[in-house]
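*Asks:* Here's a sequence, model it:
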Amino acid sequence: MAGQIPQRFIDDLLARVDVVEVVGERVQLKKAGRNYSGLCPFHQEKTPSFTVSADKQFYHCFGCGAHGNALRFLMEYDKLRFPEAVEQLASRLGLEVPREGADDPRAQARERKRQEGVNLLELSASFFRERLKMPEGQPARDYLVRRGLSEEVQRDFGIGYAPDDWEALKRHLSARGIAEAVQVEYGLLVQREESGRTYDRFRDRVMFPIRDVRGRTIAFGGRVLGDAKPKYLNSPETPVFHKGRELYGLFEARQANPRLERVVIVEGYMDVVALAQFGIRNAVATLGTSTSEEHLARLFRMVNEVVFCFDGDKAGRQAASRALETVLPQMIDGREARFLFLPEGEDPDTLVRREGPEAFEDRVTCASPLSEFLFDQASRGRDLSRVEERERFASQVLKAAQRLPQGMLQTVLLAELARRTGVDQSRFEALMAQEQEAAVAPAGPEIAPVAGPVEQGATSDAPPAGGGSLSLVARVLQLLVHEPALVERLPVENDWCPERDGDGVLCRELIRLLRAGRYRSPQVVLAHFQGSAQGERLAALARRELLIPRAARAEELDGLVEYFRRHQMRPSRQERIDALLAKQGSGERLSPEERQQLMTLLAELGN
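*Replies:* Okay, the predicted model is just below:
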């Protein structure tokens, strides 16, 4: 997509859509005077406290505090990203979503190319489905019957068949004017380097279309019917398909249950469809790669609980260890990760057929919590009656705890580690202090106090939403998030903005967004960062009352920028101390010269 969605389009969209209609499609509402009421979809309640106002075009829950407009509701209820929610609202009105820079010929060419690729893949998916119904598809139909897949499941997952022909798809697409080079680019044809000859990538395979969250085919997976290798074959990376981002079955899981609460990650697409056949419709699979941070970030925007399902052998344990390392930084409070190990020689497909869906669901429910798996892994093969082995055990757990975001899970984990080792919890907390300060969520590494004419002794890290002093960079962020139009007063170049801390990076990103989209609504600005650590930081600043009178805000911003410009050129004593402390706090070692400089500066500061 080219550029940001213009603010004027969003404003027009919200003016034309009816929030009562959008909410009413998902929540049973009753007329209550001028408003509508119902049970809140965001928390459990027996007495309605959820109100939708047709006049003001917003919803509000007096129980849990959830509130917003039609756009926010779609994001929260359907677990959509901001652009996806805008597109869904726009589609209700038959509107195309414009983008800044859409009149750029290069942007238009990129968009046309992307759309052509999607259309090409949809055409291919239809071809494979039709071939499954033909006489040549009989072996594939027999295979699906043996695997116990009903026509309903085959339809829901769009399963098809690639004929045992070197050029069947190639002929089909070429007859419709699609160049071979495009077919190669989107992974449908393979081209031999030595001869330049092209042929179908998928032959004599049961075909599983891989869809994005909007249901568009972006790639394929194929399961061979004979003895050819590889047994399973996926599309290569293409302009619309990236293995590290996509999950097989996620679209189908959301179609089956728009309000998913838990997702089970299995190994392959046959496991996903086999579980679906038995009514377990919340399974997804990675596509020939380990679970990535992008996979988990996408899932945790939709659900609060993820269950990793692995074989019980050594390879399964190694895969679980990699998954643990990946999921640790994602575990903010309220999220849950579990680890399920299957009996040796079993996979989800065979196990659900042997035990039945209820027994499999029981295994999922009883899967090991992250903490239990972590302690089990750290103690495996160690005699904890020996001091040295307990030290290695504690070090391994502590290393994992350092990767967790600061929160309740980290605290409870340290308490349990203290109980198991006999070491006081405060000792572990002291060992972790520097790492925790460098990884505080959501603001990122701490920027140390800055002394200046605007505010002496301001602290910079993310304070509680209701109090605590703000750093000067955070003051800029707060001004911009409360009054986005102030971005017009800022210099064209961002060289005044500090780069060494999380707030400085966020400030530059916020300025870029405000300039690109010309946004003037704080709610829309926050929606762009929804679901990220940056979004949490901005939301915390937005919740803080801005005590500066409106008439004085522009002058305040000008003063902050001028202060930063002066001190960019001439670092103060305090700033040099701050820089050295920040470097030390991030885990880097200070050189002997830097340590001496820090001691000298601190001594001068005390005089």
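
*Asks:* Just to check, residue 539 is in contact with residue 526?
*Replies:* Yes: because the distance of 5.8 Å satisfies Cβ atoms under 8 Å, residue 539 is recorded as touching residue 526. All C-beta atoms are positioned from the backbone trio N, CA, C, and that covers glycine.

*Asks:* Looking at the two, which is more packed in?
*Replies:* residue 526 (19 against 16; other Cβ atoms under 10 Å).

*Asks:* So what's the gap between the helix or strand hosting that one and the chain middle?
*Replies:* Per DSSP states H and E: residue 526 is located in helix 522-528. The chain centre lies 17 Å from the centre of helix 522-528; the measure is Cα atoms, centre = their mean, to the nearest Å.

*Asks:* In it, which residues are buried?
*Replies:* Applying a neighbour-count criterion of 16 or more other Cβ atoms under 10 Å, the buried positions in helix 522-528 are 522-528.

*Asks:* and the closest residue to residue 429 other than its chain neighbours, what does it touch?
*Replies:* The shortest distance from residue 429 to any residue other than its chain neighbours is 6.3 Å, reached at residue 414 (Cβ to Cβ, 6 or more residues apart in numbering). When the contact criterion is Cβ atoms under 8 Å, 6 or more residues apart in numbering, the partners of residue 414 are 401, 425, 428-429, 432.

*Asks:* If we use 7 Å, what do you get?
*Replies:* Taking Cβ atoms under 7 Å, 6 or more residues apart in numbering, we find residue 414 in contact with 401, 425, 428-429.

*Asks:* Counting neighbours, which of those residues comes out on top?
*Replies:* Counting neighbours by other Cβ under 10 Å, the one among the contacts of residue 414 with the most is residue 401, which has 23 neighbours.

*Asks:* Tell me which helix or strand it sits in.
*Replies:* helix 387-402.

*Asks:* CA-only coordinates of the helix or strand residue 478 falls within, as CSV, when you get a sec.
*Replies:* Using DSSP H and E, residue 478 maps to helix 472-482. This file holds the C-alpha atoms of helix 472-482, laid out as CSV (Å, rounded to 0.1, in the frame of the first residue of the first chain):
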residue,chain,number,x,y,z
LEU,A,472,11.4,16.7,27.9
VAL,A,473,11.0,14.3,25.0
ALA,A,474,7.9,12.8,26.6
ARG,A,475,6.6,16.4,27.0
VAL,A,476,6.9,16.8,23.3
LEU,A,477,5.1,13.5,22.7
GLN,A,478,2.3,14.5,25.2
LEU,A,479,1.8,17.8,23.4
LEU,A,480,1.6,16.1,20.0
VAL,A,481,-0.7,13.3,21.1
HIS,A,482,-3.1,15.7,22.8
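
*Asks:* Could you point out the helix or strand that follows it?
*Replies:* Per DSSP H and E, the first helix or strand lying C-terminal to helix 472-482 is helix 502-517.

*Asks:* That following helix packs against which elements?
*Replies:* For helix 502-517, the contact count by 3 or more Cβ pairs under 7 Å, 6 or more residues apart in numbering; DSSP states H and E identifies helix 472-482 as packing neighbours.

*Asks:* ok and the helix it packs on relative to helix 502-517, angle-wise?
*Replies:* Interaxial angle of helix 472-482 relative to helix 502-517 (axes from the mean of the first three to the mean of the last three Cα atoms, to 10 degrees): 30 degrees.

*Asks:* tell me, how many neighbours does residue 265 end up with?
*Replies:* By other Cβ under 10 Å, the residues close to residue 265 number 24.

*Asks:* How about the secondary structure of it?
*Replies:* Of the three states, residue 265 takes strand under DSSP: H, G, I helix; E, B strand; the rest coil.

*Asks:* hey, what's it bridged with?
*Replies:* When assigned by DSSP bridges, residue 265 has beta-bridge partners residue 284, residue 308.

*Asks:* sorry, back to before: any idea how far residue 325 is from the residue nearest to residue 429?
*Replies:* Taking Cβ to Cβ, to the nearest Å as the measure, residue 414 falls 19 Å from residue 325.

*Asks:* likewise residue 541?
*Replies:* With distances taken as Cβ to Cβ, residue 541 is found 31 Å from residue 325.

*Asks:* These two - which one has more neighbours?
*Replies:* Taking other Cβ under 10 Å, residue 541 and residue 325 do not tie; residue 541 has more neighbours (25 against 12).

*Asks:* what angle separates the helix or strand hosting the more buried one from helix 472-482?
*Replies:* In this structure, residue 541 sits in helix 533-543 according to DSSP H and E. Here helix 533-543 runs at 80 degrees with respect to helix 472-482, directions being taken by the same axes, to 10 degrees.

*Asks:* buried set for helix 533-543?
*Replies:* For helix 533-543, by 16+ other Cβ under 10 Å, it's 533-542.

*Asks:* could you pull out the strands for the stretch 201-350 of the chain?
*Replies:* Taking DSSP state E, counting those that start in this stretch, the strands of the stretch 201-350 of the chain run over residues 205-211, 217-224, 232-234, 262-266, 283-285, 305-311, 336-342.

*Asks:* Dump these to JSON lines, plus distance to residue 52 and mean pLDDT.
*Replies:* As requested, those are exported to JSON lines (distance: least, Cβ to Cβ, whole Å; pLDDT from 0 to 100):
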{"stretch": "strand 205-211", "distance to residue 52": "32", "mean pLDDT": "96"}
{"stretch": "strand 217-224", "distance to residue 52": "36", "mean pLDDT": "94"}
{"stretch": "strand 232-234", "distance to residue 52": "44", "mean pLDDT": "92"}
{"stretch": "strand 262-266", "distance to residue 52": "28", "mean pLDDT": "96"}
{"stretch": "strand 283-285", "distance to residue 52": "33", "mean pLDDT": "96"}
{"stretch": "strand 305-311", "distance to residue 52": "29", "mean pLDDT": "94"}
{"stretch": "strand 336-342", "distance to residue 52": "31", "mean pLDDT": "95"}
